[in-house]
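[1] return atomic coordinates for the entry below.
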Amino acid sequence: MTANKDDDPQFGELILQAEMAIDHGIYPERIYQGSSGSYFVKNPAGKNIGVFKPKDEEPYGRLNPKWTKWMHKLCCPCCFGRACLIPNQGYLSEAGASIVDQKLKLNVVPKTRVIRLVSETFNYPRIDRQKYRIKRTIKEHYPAAKFNRMSLPPKVGSFQMFVDGYKDADFWLRRFENEPLPKKLAHRFQMQFERLVVLDYIIRNTDRGNDNWLIRYEMPTIVNGLNGTTTAATKAAASSGGNLISTEATPGSSTENQLTQNEHADWHLVQSPDIKIAAIDNGLAFPFKHPDSWRAYPYHWAWLPQAKVPFSQEIKDLVLPILSDMNAVEELCQELYELFRQDKGFDKGLFERQMSVMRGQILNLTQALKDGKSPVQLVQMPAVIVERSSSSSSRFFSFTQRFQNKSPFFSWC
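    Numbering: from 1, shown residues only. Sure, this is the predicted structure:
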């Protein structure tokens, strides 16, 4: 296991539950949506607790069980892959997005770590399965026989904590068009949306459609103050959360009569509605150059009405103190370095190029926040690269910025 259980006991306990479930025959279940091999991981009770994405089953991995990318490669090899991304590092990108999220206190990415996990339901080469069956047969006939590893080979990948009660953003966005949110809740959604924008822009997410970020909308509920039962609230209660109401009060009665009635009235509490965003599917981020080939990979949230609203003071107060501090930015780069260097194919030169793109994104975002721009104005800013260089005569680094002049052939996809 790559993740250190001592660093995060709660996360470590989650992984232990997953391993116990697998030992008891409760295996991860393949997710059939998407273009890669990903799995719902369960605890011993059979409840989903996480999503595991093995490195070798990523969209462009050699053991991807989905045929869509194979067909893509066969029929259109010139457009296969994303030229701006390092191949087969999606699991690092998933965990890296979680690091950025925690560093900026955005709290929109479910906690994600890199771990090793083994399960019979993962996609293994035929030879690995044959070896496993042979070892198991020998062990059954000769219990004293010893092997270095009895199980299938562990797979390295990203493990993201499962979030309950969420649906695709597309579902709720269409519904909100016909049933607009109350003013207070719309403001709450805007604040959450801005956090998603900040995350995606910094990591330069090349795969953010409205079907791969989630919204949890908790409708207002009425809780009985006497017996604790809960019922669905009416739309009228949606904007008046947190108020005590009596289901037996009669209109037109005097205050004195109402007080008398209220001694025996069935009081209820209307709980406030809430809305929350979860930014999942961050595996196609951290490019080593801005898209400049066929496709631009735009952020699909840029076409939403929320993207036309200038950034709020709340998001400025949250992230500007960190983004404006070059030392804090370099600390973030160092944390990402410690993560990315785990990969066997790690290339420090390519990693520095990834960080150059990220620094440029941070520079643009910082300026946009200071200038009071909106998310849609942010994505229209010229692509910047901020490169770090060290002088042989000094232990300090210097930074140079340059603009990318080359644009992708298609700007809308």
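[2] elements contacting the helix or strand that contains Ala18?
    Assigned by DSSP states H and E, Ala18 falls within helix 9-23. Helix 9-23 is packed against strand 39-42, strand 48-54, strand 112-117, strand 155-161, with contacts defined by 3 or more Cβ pairs under 8 Å, 6 or more residues apart in numbering; DSSP states H and E. Where C-beta positions appear, they are placed from N, C-alpha and C, glycine not excepted.
[3] next, the angle helix 9-23 makes with the last one.
    Right, strand 155-161. Put simply, strand 155-161 runs at 120 degrees to helix 9-23, going by axes from the mean of the first three to the mean of the last three Cα atoms, to 10 degrees.
[4] could you do the third one as well?
    For the pair strand 112-117 and helix 9-23, the angle between their directions (the same axes, to 10 degrees) equals 30 degrees.
[5] likewise the second one?
    With the same axes, to 10 degrees applied, the angle from strand 48-54 to helix 9-23 works out at 80 degrees.
[6] partner strands of strand 48-54, with direction?
    Sheet pairing here is set by DSSP bridges, and for strand 48-54 it gives strand 39-42 (antiparallel), strand 155-161 (antiparallel).
[7] in that strand, what's buried?
    Within strand 48-54, the residues that count as buried by 16 or more other Cβ atoms under 10 Å are 49-54.
[8] cool, the first one as well?
    By neighbour count, and taking 16+ other Cβ under 10 Å as the criterion, the buried residues in strand 39-42 are 39, 41-42.
[9] strands along the stretch 151-300 of the chain, start to end?
    Here the stretch 151-300 of the chain has its strands, by DSSP state E, counting those that start in this stretch, at 155-161, 167-168, 214-218, 221-224, 230-232, 244-246, 267-271, 274-278.
[10] before we move on, back to that, out of the strands paired with strand 48-54, which comes closest to Asn88?
    strand 155-161 (10.7 Å; Cβ to Cβ).
[11] pLDDT value on Gln190, please?
    We have a pLDDT of 98 for Gln190.
[12] list the contacts for the residue nearest to Leu14 when sequence neighbours are not counted?
    Closest residue to Leu14 apart from its sequence neighbours, by Cβ to Cβ, 6 or more residues apart in numbering: Ile49 at 5.7 Å. Residues near Ile49 by Cβ atoms under 8 Å, 6 or more residues apart in numbering: 14, 17-18, 41-43, 161-162.
[13] quick check, nearest of those to Pro28?
    Distance to Pro28 across the contacts of Ile49 (Cβ to Cβ) is lowest for Val41, with 4.7 Å.
[14] what pairs with that closest one across the strands?
    On the basis of DSSP bridges, Val41 takes part in beta bridges with Gly50.
[15] wait, it touches Lys47, no?
    No - using Cβ atoms under 8 Å, Val41 makes no contact with Lys47, being 10.1 Å away.
[16] any idea how many residues pack against Ala285?
    26 (other Cβ atoms under 10 Å).
[17] do Leu14 as well
    With other Cβ under 10 Å as criterion, Leu14 counts 23.
[18] next, the contact list for it, please.
    Contacts for Leu14 (Cβ under 8 Å, 6+ apart) come out as 43, 49-50, 161.
[19] make JSON lines from the residues you listed and add distance to Thr366 to it.
    Compiled in JSON lines, the contacts of Leu14 are given as follows (distance: Cβ to Cβ, whole Å):
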{"residue": "Asn43", "distance to Thr366": "42"}
{"residue": "Ile49", "distance to Thr366": "37"}
{"residue": "Gly50", "distance to Thr366": "34"}
{"residue": "Met161", "distance to Thr366": "30"}
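[20] what's the closest of these to Pro382?
    Met161 (36.7 Å).
[21] next up, the contacts around that closest one.
    Applying Cβ under 8 Å, 6+ apart to Met161 gives the contacts 11, 14, 49-50, 110-112.
[22] I'd like those residues laid out as JSON lines, including pLDDT.
    Listed next are the contacts of Met161 as JSON lines, based on pLDDT from 0 to 100:
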{"residue": "Phe11", "pLDDT": "95"}
{"residue": "Leu14", "pLDDT": "95"}
{"residue": "Ile49", "pLDDT": "98"}
{"residue": "Gly50", "pLDDT": "97"}
{"residue": "Pro110", "pLDDT": "98"}
{"residue": "Lys111", "pLDDT": "97"}
{"residue": "Thr112", "pLDDT": "98"}
